[in-house]
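> After the sequence you'll find the predicted model.
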Amino acid sequence: MKIEEGCCYHIYNRGNNKGKIFFDDRNYHFFLMQFKKYVSPYADIFAYCLMPNHFHFFIRVNDKLNFEKGIKNMFISYVKAINLSYNRVGGLFQGRYKVKKVESESYHSRIITYIHQNPLASKLVERMEDYKYSSFCAYLSTEPTAVNKSEVLEWFGGLEGFIADHKI
């Protein structure tokens, strides 16, 4: 898919043979750190969720060329680190990451809710706020965050709408 500046995308992928891509807490943190370093300077992050065998991001690309270079470098650095740490070789992911353009503004809030509800659907937690590797808690916190909280909360009509929309 051709990436366009100013457009929103759902980016996701899973492990090769549906296998794990995160093996311990350090891996989740390192992946997010690499995403922040290589990708976030060129994109607005609206939501993310890192699951043991897959991940989701919902972003808006602000600089196409640097975004494409950055995301490629992010994946290369992550896979190299995992392979070195766990004495493994070869690909970690099931091919290239997947990209779906999200054109409908009415779909923005639905994709964010879908991404945040992944740990519930997989029965990893009973409450979204208990999952550490999702942007859901960033919206409930007053701490600084990499996600574009103000714009997202506008889509939901504020924090109360955000919380209400996420209830199952």
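Thanks, I have it.

> Ramachandran coordinates for Tyr86?
Per-residue torsions, Tyr86: phi -110, psi 20 (degrees, to the nearest 10).

> And for it, the neighbour number?
Number of residues near Tyr86 (other C-beta atoms under 10 Å) recorded here: 12. Quick note: C-beta positions are derived from backbone N, CA and C, even for glycine.

> if I look at it, how far off is Asn16?
Distance of Tyr86 to Asn16, computed by C-beta to C-beta, to the nearest Å: 13 Å.

> Quick one: mean pLDDT for the longest helix along the chain?
Determined from DSSP state H, the single longest helix within the chain is helix 64-85. What helix 64-85 shows for mean pLDDT is 96.

> Pull out the buried positions in stretch 124-139.
Under the neighbour-count criterion of 16 or more other C-beta atoms under 10 Å, stretch 124-139 has Met128, Tyr131, Tyr133, Ser134, Ser135, Phe136, Cys137, Ala138, Tyr139 buried.

> Skipping adjacent residues, who's closest to the third one in space?
It stands for Tyr133. Excluding its sequence neighbours, the residue lying closest to Tyr133 (C-beta to C-beta, 6 or more residues apart in numbering) is Leu50, at 4.0 Å.

> on that earlier part again, what comes up buried for the longest helix of the chain?
Within helix 64-85, the residues that qualify as buried are Lys64, Phe67, Gly70, Ile71, Met74, Phe75, Ser77, Tyr78, Val79, Ile82, counting by 16+ other C-beta under 10 Å.

> chain center to that helix: distance?
Its chain's C-alpha centre and that of helix 64-85 lie 14 Å apart, by C-alpha atoms, centre = their mean, to the nearest Å.

> Okay, now the sheet partners of the next helix-or-strand element following that helix, with direction.
Downstream of helix 64-85, the first helix or strand assigned by DSSP states H and E is strand 98-101. Sheet pairing for strand 98-101, assigned by DSSP bridges, gives strand 8-14 (antiparallel).
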